[in-house]
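**Student:** coords please:
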Amino acid sequence: MEIGRNGGRGEAGPDTFFVDKLPEPGLIRVGVSQTGRMKGNTLDVTPDHKMLNIAGSRLVDSEIGDMVSRQDCVLLAERLPQLSSSSQKEHSLAYLLGGLMTDGHVHLTRTHGEVTFIQKPDVLKRDFIARMNEALQENYGKAFKESAKKLSSGFIRGQLVVGSANAYRCYSKSIATAVRAEQETIVTTLLKATPRSPAISSPE
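**Tutor:** Prediction:
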């Protein structure tokens with residue numbers, strides 16, 4: 001992936017590594033996007049923050065500020081080895097957490113708790129919805145309740161898009177509390193999944 005600047009932004013294109021100078025002095029914002037349209041998935045670092053690259057056929061840690069100046073490339077991990085063996089239940093928990101991270105949320109107050117994900121119930125999403133239900137039942141003994149949401153609209157790349165989706169909710173403070181705790185250790189949970197586990201791939 002490339003690092004570059006063009007008016008403070010990297011060149012747009014496939015597999016481009018974008019680096020933006022932040023308004024705050026002394027910080028650099030680093031983000032990954034294939035097209036340059038993805039916003040918000042970023043990491044704010046100081047210029048002396050080190051990242052992996054190759055120099056003289058060797059792996060080296062280089063300061064991001066120097067890499068930007070030299071138009072160097074950053075190395076990104078394509079595959080991570082499994083941290084340790086894990087059970088099928090842990091695989092399903094990783095799948096559930098991954099689905100909630102991309103399409104859902106956990107709402108927790110002093111007296112109430114709710115685990116929810118939003119999805120359009122079309123043919124392409126049926127397997128994902130079923131797997132989310134199976135994962136919740138396997139880990140917490142309860143299923144999501146389906147309810148239709150109102151039509152919503154918005155603009156995507158300048159085009160008006162109108163659509164509908166269903167909300168899949170589980171009302172339980174104990175489950176919401178447990179899921180919230182699992183989210184705190186999501187990195188370890190995902191690293192314990194096998195390379196073939198759905199938790200490693202996109203739930204879509």
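**Student:** tabulate the CA atom coordinates of stretch 175-192 in PDB.
**Tutor:** Written as PDB, here are the backbone C-alpha positions of stretch 175-192 (Å, rounded to 0.1, in the frame of the first residue of the first chain):
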ATOM      1  CA  ILE A 175     -27.000 -10.800  28.200                       C
ATOM      2  CA  ALA A 176     -26.200  -7.200  27.300                       C
ATOM      3  CA  THR A 177     -23.800  -7.000  30.200                       C
ATOM      4  CA  ALA A 178     -22.100 -10.200  29.200                       C
ATOM      5  CA  VAL A 179     -21.800  -9.200  25.500                       C
ATOM      6  CA  ARG A 180     -20.400  -5.800  26.500                       C
ATOM      7  CA  ALA A 181     -17.700  -7.600  28.600                       C
ATOM      8  CA  GLU A 182     -16.900  -9.800  25.600                       C
ATOM      9  CA  GLN A 183     -16.500  -6.800  23.400                       C
ATOM     10  CA  GLU A 184     -13.700  -5.600  25.700                       C
ATOM     11  CA  THR A 185     -11.700  -8.700  24.800                       C
ATOM     12  CA  ILE A 186     -12.700  -9.000  21.100                       C
ATOM     13  CA  VAL A 187      -9.100  -9.100  19.900                       C
ATOM     14  CA  THR A 188      -8.200 -12.200  21.800                       C
ATOM     15  CA  THR A 189     -11.500 -13.900  20.800                       C
ATOM     16  CA  LEU A 190     -10.900 -13.300  17.100                       C
ATOM     17  CA  LEU A 191      -7.300 -14.400  17.300                       C
ATOM     18  CA  LYS A 192      -8.400 -17.700  18.800                       C
END
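**Student:** starting at the chain centroid, how far to it?
**Tutor:** For stretch 175-192, the distance between its averaged C-alpha position and the chain's averaged C-alpha position is 14 Å (Cα atoms, centre = their mean, to the nearest Å).
**Student:** ditto for stretch 102-115
**Tutor:** Between the centre of stretch 102-115 and the centre of its host chain there is 18 Å, according to Cα atoms, centre = their mean.
**Student:** who touches it?
**Tutor:** By Cβ atoms under 8 Å, 6 or more residues apart in numbering, the residues outside stretch 102-115 that reach it are 100, 116-119, 136, 144, 168-177, 179-180, 183, 202-204. Backbone N, C-alpha and C define where each C-beta goes, glycine included.
**Student:** narrow those to just the buried residues.
**Tutor:** Listed as buried from those are 100, 116-117, 119, 136, 144, 168-170, 172, 175-176, 179, 203; burial here means 16 or more other Cβ atoms under 10 Å.
**Student:** of these, which is the nearest to Asp44?
**Tutor:** Proximity to Asp44 was ranked across the buried ones among the contacts of stretch 102-115 by Cβ to Cβ; first place goes to Leu100, at 25.0 Å.
**Student:** any idea which of the buried ones among the contacts of stretch 102-115 is closest to Val161?
**Tutor:** For the buried ones among the contacts of stretch 102-115, the closest approach to Val161 (Cβ to Cβ) belongs to Gln119, at 16.1 Å.
**Student:** quick one: residues contacting that closest one.
**Tutor:** Contacts of Gln119 were listed using Cβ under 8 Å, 6+ apart, and they are Asp103, Lys125, Phe128, Ile129, Ala165, Asn166, Tyr168.
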